[in-house]
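Visitor: My questions concern the predicted model and sequence given below.
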Amino acid sequence: MSESAAPDARPFWERPLETLSHEEWEALCDGCGRCCLHKLEDEDSGELAFTWLACDLLDCETGFCSDYANRRDFVPDCIQLTRKDLPHYHWLPPTCAYRLRFEGHPLPTWHPLLTGDPESVRRARVSVAGRVIRECDAPDLPLIDYVVDWPGEVPESARLWRPVVRLPRE
C-alpha cells in the first residue's frame, strides 16, 4: 500500500473540508445560532452589522433551529452552507467552525466536538441562547435599533475558556 493511499487518521474536524462527508460537514456546526441572526450590510462600504433579532425558527432559549430539517420550507431564504460557496460567506461570525476551518484555523477549545458537551458553546458565551428574540416577537422598531456588536466578536470568555478536566476519584 502506498503512502498516498493511507487513510487520514486525523479526526474529521481536522481534515480538509473537501474530504468531509455530509454528516461530518453538518457536525462542524457548534449550534451557536449566530448565523440565524438578521444582519444589515452597508451598500456602500459592505460593512456588516449583526442584530439581536433571530430567524422565526430559532429557539431563543436553546440557540438551535426548531425545525432544521425543514427550515427552507418555512424560511425560503435560509442559507444552506456549502463548501463551494464558503468563500462568499463573509458574514459568518468569527467563532464559526466553518469559517475557522476554511481560514485554516483549528476548532476552538469550547467546541462541542472537542469537549463532547453540547453545552460548552453556551458556557463559553458564544451561543445566542437567552440573548436574542425572534423577529416575529420583536417590537416594531427600525432594524437599526436592534444592531449589536457581540455576534461579530469573539467573547473574552471564549478566548479564555478551558475545558474542565475531571480526574477520576481514587
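Guide: Okay, I see it.
Visitor: May I have the strands that pair with the longest strand anywhere in the chain, each with its orientation?
Guide: Identified as the longest strand of the chain according to DSSP state E is strand 48-54. Counting by DSSP bridges, the strands paired with strand 48-54 are strand 37-41 (antiparallel), strand 133-134 (parallel), strand 147-148 (antiparallel).
Visitor: Helix or strand: which one has residue 23?
Guide: Element membership for residue 23 (DSSP states H and E) is helix 22-27.
Visitor: how about the helices in this protein?
Guide: Here the chain has its helices, by DSSP state H, at 22-27, 71-74, 97-102, 112-115, 120-123, 156-160.
Visitor: Dump those to a markdown table, plus distance to residue 54, mean neighbour count and mean pLDDT.
Guide: To be clear about C-beta, it is placed using only N, CA and C from the backbone, and glycine gets the same treatment. Shown next, in a markdown table, are the helices of the chain (distance: least, CB to CB, whole Å; neighbours: other CB atoms under 10 Å; pLDDT from 0 to 100):
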| stretch | distance to residue 54 | mean neighbour count | mean pLDDT |
| --- | --- | --- | --- |
| helix 22-27 | 20 | 12 | 94 |
| helix 71-74 | 13 | 13 | 90 |
| helix 97-102 | 19 | 19 | 95 |
| helix 112-115 | 20 | 18 | 94 |
| helix 120-123 | 15 | 22 | 92 |
| helix 156-160 | 20 | 13 | 78 |
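Visitor: Which one, of the ones you listed, ends up nearest to residue 132?
Guide: Residue 132 lies closest to helix 120-123 among the helices of the chain, at 13.0 Å (CB to CB).
Visitor: quick one: low-confidence parts of this protein?
Guide: Scanning the chain for pLDDT under 70 picks out the ranges 1-6, 161-170.
Visitor: can you pull the contacts of the most centrally placed residue in it?
Guide: Centroid-nearest residue in the chain: residue 96, 4.2 Å away (criterion: CA atoms, centre = their mean). Under the criterion of CB atoms under 8 Å, 6 or more residues apart in numbering, the neighbours of residue 96 are 30, 32, 34, 35.
Visitor: Residue 44 versus that one, what's the distance?
Guide: Applying CB to CB, to the nearest Å, the value for residue 96 to residue 44 is 25 Å.
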